[in-house]
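Asker: Model the following, please.
(2 chains)
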Amino acid sequence: MSTITAHDTPRGFSFAEYMTCLTGIVWREGLRFLHQRERFVSALVRPLVWLFIFAAGFRQVLGISIIPPYETYILYEVFIAPGLMAMIQLFNGMQSSLSMVYDREMGNMRTLLVSPLPRGFLLFCKLLAGTAVSLLQVYAFLLIAWFWDITPPPVGYLTVLPALILSGLMLGSLGMLISSGIKQLENFAGVMNFVIFPMFFASSALYPLWRVQEGSPYLYYVCEANPFTHAVELIRFALYGQINWVSLAVVATCTIVFMIGAIIAYDPSRGLTRRGPAGGEG
Amino acid sequence: MTSPAPIAETRDSAPKPDPAAVPALSIDGVSHAYGPRRALSDVSFNVAPASFTALLGLNGAGKSTLFSLITRLFGIQSGHVGIFGHDVSSMPGEALRLLGVVFQPRTLDLDLSLTQNLLYHAALHGIGRRDAAARAAELLDRIRLAERAGSKVRDLSGGQMRRLEIARALLHRPRLLLLDEPTVGLDVKARADIISHVRQLVTEQGIGVLWATHLFDEIAPGDDLVVLHQGKVLAKGPVGRVITDAGAQDVNTAFMRLTGAQVMPGGGA
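Answerer: Residues are numbered from 1 along each chain as shown, chains lettered A, B, ... in the order given. Model prediction:
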């Protein structure tokens, strides 16, 4: 067998083929999303509960001073809106990544992974498609929030887009890295307790960090080191047409590191072997 | 136990492809373990172009593991898998381009239409939209589902879904087709349809087929046969020779003698 000669000379893949593959994967994810209304509704209800109930209750408790990027005193609702946008992406990223690693989407992952294009590229496309879905959710949230007096400048809706793409990719690849690397986190409850809640609460999503610093300097450092804080700040500034360079650098670096790690750690046999070898048969 | 015989690389009945043909599929000394449990031990066999090779084994024999290795879903722990001479580990792109696969579990998007499923698959192979749409229409026509093109896959019968999966596997014009127990759960008519369709692909288009099954009646006298049991190849070669070597009269008895397994009345292992 070792003496066999190749039947065809390798020809690799053209840029057009890569792009066709990328758009195909994003297109399919979008189509599926449109068919899953419950997923859409639950993705929206979560941040809206925080906005309508939690923020209303907390409005009187927390005073917000004027901090960049805001130029005036703002309502608490306005302050937490970027945090809630990032929360949508955090949930979406964790959910879709978990289903890529474990068996829920295994049929789909098989179809994807027998594509001849490089596996790393396929996983990148998949993460990008998940991010595209989170963008639809975030913009739907922004639309509803607008009626709740969360009215960033019109240009902000545009300038926040690249920030959301970057943060979506970071959170999606973090989810994939975590679910590939940590065996115990195989269900969503585990991810909620050990990843989503700590990341969300130890960040600047719900309270400005200077208030955290007043309460606990150590927690402040934790928050500062939390990539989710920087995703929130990147979104917050971008929503007002500004760039938070530190956050941009942190989020971009984390995205690259998490994505490379996730692609290396991804192992489809994990999802398949859970139900006995290779999905039902031996 | 018989002495393993190499599968005939040139077959009189099949249309002649390239005379110096490399095997459509070559499995060479492949072993695989899930932790301490060994799923495949030193598996070697070839599938010739334009041939129908049945991979016969009980549930748990290692058939699906082997499929996962051929499709590079799992990393190959030891041994080599080649598709038309392209090593799956070192040149996965070139190898997978020539491969079409129908997995045992359904892998269609139930909420998308037939055409949408096919277009998605085409995109995964880098086939542009216009070309893909033409190929999809042609294939749907061939599997007699053209008028259902816009329906959701969810509304199809089991047999229709399988036909669609086979059409999808052929969309990028592969020269090797793997099917993992494709008739499981289908009625008699749908089974016969699928089998004759795939056999037609072998004779008319010269596609090499590896058909995993545990059903004896899906194996025809002219096929090549690989008997896989507890992760080991017990026999391989043209069906007639495997039967003779086992000192049996038919596939059922040969399989029973080779494996010591009980044959079920329904003709399945």
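Asker: Quick check: chain neighbours aside, which residue is closest to the residue in the stretch 51-200 of chain B positioned nearest to chain A?
Answerer: As assessed by CB to the nearest CB, chain A sits closest to B:A123 within the stretch 51-200 of chain B, at 2.1 Å. (Glycine included, C-beta is placed from N, CA and C.) Nearest residue to B:A123, sequence neighbours excluded (CB to CB, 6 or more residues apart in numbering or on different chains): A:G24, at 2.1 Å.
Asker: And the contacts of the helix or strand where the one you found lies?
Answerer: Element membership for A:G24 (DSSP states H and E) is helix A:15-35. Residues from elsewhere that reach helix A:15-35, judged by CB atoms under 8 Å, 6 or more residues apart in numbering or on different chains: A:39-40, A:112, A:115, A:117, A:121-122, A:125-126, A:128-130, A:132-133, A:136, B:109, B:111-112, B:116, B:119-120, B:122-129.
Asker: now those: which count as buried?
Answerer: Buried by 16 or more other CB atoms under 10 Å in any protein chain shown: A:39-40, A:112, A:115, A:117, A:121-122, A:125-126, A:128-130, A:132-133, A:136, B:109, B:112, B:116, B:119-120, B:122-127, out of the contacts of helix A:15-35.
Asker: Please flag which of the residues you listed sit within helices.
Answerer: Mapping the buried ones among the contacts of helix A:15-35 onto helices (DSSP state H) picks out A:39-40, A:112, A:121-122, A:125-126, A:128-130, A:132-133, A:136, B:116, B:119-120, B:122-124.
Asker: Report the separation between the closest residue in space to B:L119 that isn't next to it in sequence and B:L156.
Answerer: Excluding its sequence neighbours, the residue lying closest to B:L119 (CB to CB, 6+ apart) is B:A132, at 5.3 Å. Distance, B:A132 to B:L156, by CB to CB, to the nearest Å: 20 Å.
Asker: which of the two has more neighbours?
Answerer: Between B:A132 and B:L156, counted using other CB atoms under 10 Å in any protein chain shown, the more crowded position is B:A132 (23 against 18).
Asker: Poorly predicted segments of the chain, please.
Answerer: Just going to use chain A. Within chain A, the ranges that satisfy pLDDT under 70 run A:1-10, A:61-64, A:102-106, A:184-186, A:269-282.
Asker: ah, no, chain B please
Answerer: B:1-21, B:261-269.
Asker: Show me it divided up by domain.
Answerer: Per the record, chain B has its domains at B:1-9+B:34-98+B:176-269, B:106-173, by automatic domain parsing.
Asker: what about the residue in chain A positioned nearest to chain B, neighbour count?
Answerer: Nearest residue of chain A to chain B, counting by CB to the nearest CB: A:G24, 2.1 Å away. Neighbourhood size, A:G24 [other CB under 10 Å]: 24.
Asker: Could you measure from it over to B:P49?
Answerer: 29 Å.
Asker: Just give me the neighbour total for B:L210.
Answerer: 27.
Asker: Wasn't B:F45 part of a strand?
Answerer: Yes: counting by DSSP: H, G, I helix; E, B strand; the rest coil, B:F45 is part of a strand.
Asker: List the residues that contact it.
Answerer: B:7, B:27, B:53, B:226, B:233, B:236.
Asker: try 7 Å
Answerer: By CB atoms under 7 Å, 6 or more residues apart in numbering or on different chains, B:F45 lies in contact with B:7, B:27, B:226, B:233, B:236.
Asker: and what of B:D87?
Answerer: Neighbour list for B:D87: B:80, B:95 [criterion: CB under 7 Å, 6+ apart].
Asker: and the angle for the helix or strand harbouring A:V45 with helix A:15-35?
Answerer: Element membership for A:V45, per DSSP H and E: helix A:37-49. Interaxial angle, helix A:37-49 versus helix A:15-35 (axes from the mean of the first three to the mean of the last three CA atoms, to 10 degrees): 80 degrees.
Asker: send the alpha carbons of helix A:37-49 over as CSV?
Answerer: What follows is helix A:37-49, C-alpha atoms only, in CSV (Å, rounded to 0.1, in the frame of the first residue of the first chain):
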residue,chain,number,x,y,z
ARG,A,37,-38.2,31.0,17.1
GLU,A,38,-38.2,29.7,20.7
ARG,A,39,-34.4,30.1,20.8
PHE,A,40,-34.8,33.7,19.5
VAL,A,41,-37.4,34.5,22.1
SER,A,42,-35.5,33.1,25.0
ALA,A,43,-32.3,34.8,23.9
LEU,A,44,-34.3,38.1,24.0
VAL,A,45,-36.2,37.5,27.2
ARG,A,46,-33.1,37.1,29.3
PRO,A,47,-31.6,40.5,28.8
LEU,A,48,-35.0,42.2,28.7
VAL,A,49,-35.8,40.8,32.2
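Asker: who's in contact with the helix or strand following that helix?
Answerer: Beyond helix A:37-49 on the C-terminal side, the first helix or strand identified by DSSP H and E is helix A:55-58. For helix A:55-58, contacts defined as CB under 7 Å, 6+ apart pick out A:76-77, A:80.
Asker: ok so, going back, what does the helix holding A:V45 rub up against?
Answerer: So helix A:37-49 is in contact with A:33, A:84, A:87-88, A:91-92, A:137, A:140-141, A:144, going by CB under 7 Å, 6+ apart.
Asker: same thing but at 6 Å, please
Answerer: A:84, A:87-88, A:137, A:140-141 (CB atoms under 6 Å, 6 or more residues apart in numbering or on different chains).
Asker: what's the farthest-apart pair in the residues you listed?
Answerer: A:M87 and A:A140 (14.0 Å; CB to CB).
Asker: got the CA coordinates for the helix holding A:G24 in PDB?
Answerer: C-alpha atoms of helix A:15-35 as PDB (Å, rounded to 0.1, in the frame of the first residue of the first chain):
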ATOM      1  CA  PHE A  15     -10.000  31.900  -2.400                       C
ATOM      2  CA  ALA A  16     -13.400  31.700  -4.100                       C
ATOM      3  CA  GLU A  17     -13.900  28.200  -2.700                       C
ATOM      4  CA  TYR A  18     -13.100  29.400   0.800                       C
ATOM      5  CA  MET A  19     -15.500  32.300   0.500                       C
ATOM      6  CA  THR A  20     -18.300  30.000  -0.900                       C
ATOM      7  CA  CYS A  21     -17.800  27.800   2.000                       C
ATOM      8  CA  LEU A  22     -17.900  30.700   4.500                       C
ATOM      9  CA  THR A  23     -21.000  32.200   3.100                       C
ATOM     10  CA  GLY A  24     -22.700  28.800   2.900                       C
ATOM     11  CA  ILE A  25     -22.100  28.100   6.600                       C
ATOM     12  CA  VAL A  26     -23.300  31.600   7.700                       C
ATOM     13  CA  TRP A  27     -26.300  31.300   5.400                       C
ATOM     14  CA  ARG A  28     -27.300  27.900   6.800                       C
ATOM     15  CA  GLU A  29     -26.900  29.100  10.400                       C
ATOM     16  CA  GLY A  30     -29.100  32.100   9.600                       C
ATOM     17  CA  LEU A  31     -31.800  29.900   8.000                       C
ATOM     18  CA  ARG A  32     -31.800  27.600  11.000                       C
ATOM     19  CA  PHE A  33     -32.000  30.500  13.400                       C
ATOM     20  CA  LEU A  34     -35.100  31.800  11.600                       C
ATOM     21  CA  HIS A  35     -36.700  28.400  12.100                       C
END
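Asker: Tell me who's in contact with B:A190.
Answerer: Residues near B:A190 by CB under 6 Å, 6+ apart: B:G159.
Asker: Would you mind writing the CA trace of the one helix or strand it maps to as PDB?
Answerer: For B:A190, the host element (DSSP H and E) is helix B:188-205. C-alpha atoms of helix B:188-205 as PDB (Å, rounded to 0.1, in the frame of the first residue of the first chain):
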ATOM      1  CA  VAL B 188     -38.500  -3.500   2.000                       C
ATOM      2  CA  LYS B 189     -39.300  -1.400  -1.000                       C
ATOM      3  CA  ALA B 190     -37.200   1.600   0.100                       C
ATOM      4  CA  ARG B 191     -34.300  -0.800   0.900                       C
ATOM      5  CA  ALA B 192     -34.500  -2.300  -2.600                       C
ATOM      6  CA  ASP B 193     -34.600   1.100  -4.200                       C
ATOM      7  CA  ILE B 194     -31.500   2.300  -2.300                       C
ATOM      8  CA  ILE B 195     -29.500  -0.800  -3.000                       C
ATOM      9  CA  SER B 196     -30.300  -0.800  -6.800                       C
ATOM     10  CA  HIS B 197     -29.500   2.900  -7.000                       C
ATOM     11  CA  VAL B 198     -26.100   2.500  -5.400                       C
ATOM     12  CA  ARG B 199     -25.300  -0.500  -7.500                       C
ATOM     13  CA  GLN B 200     -26.200   1.500 -10.600                       C
ATOM     14  CA  LEU B 201     -23.700   4.200  -9.500                       C
ATOM     15  CA  VAL B 202     -21.000   1.500  -9.400                       C
ATOM     16  CA  THR B 203     -21.700   0.100 -12.900                       C
ATOM     17  CA  GLU B 204     -22.700   3.300 -14.700                       C
ATOM     18  CA  GLN B 205     -20.400   5.900 -13.100                       C
END
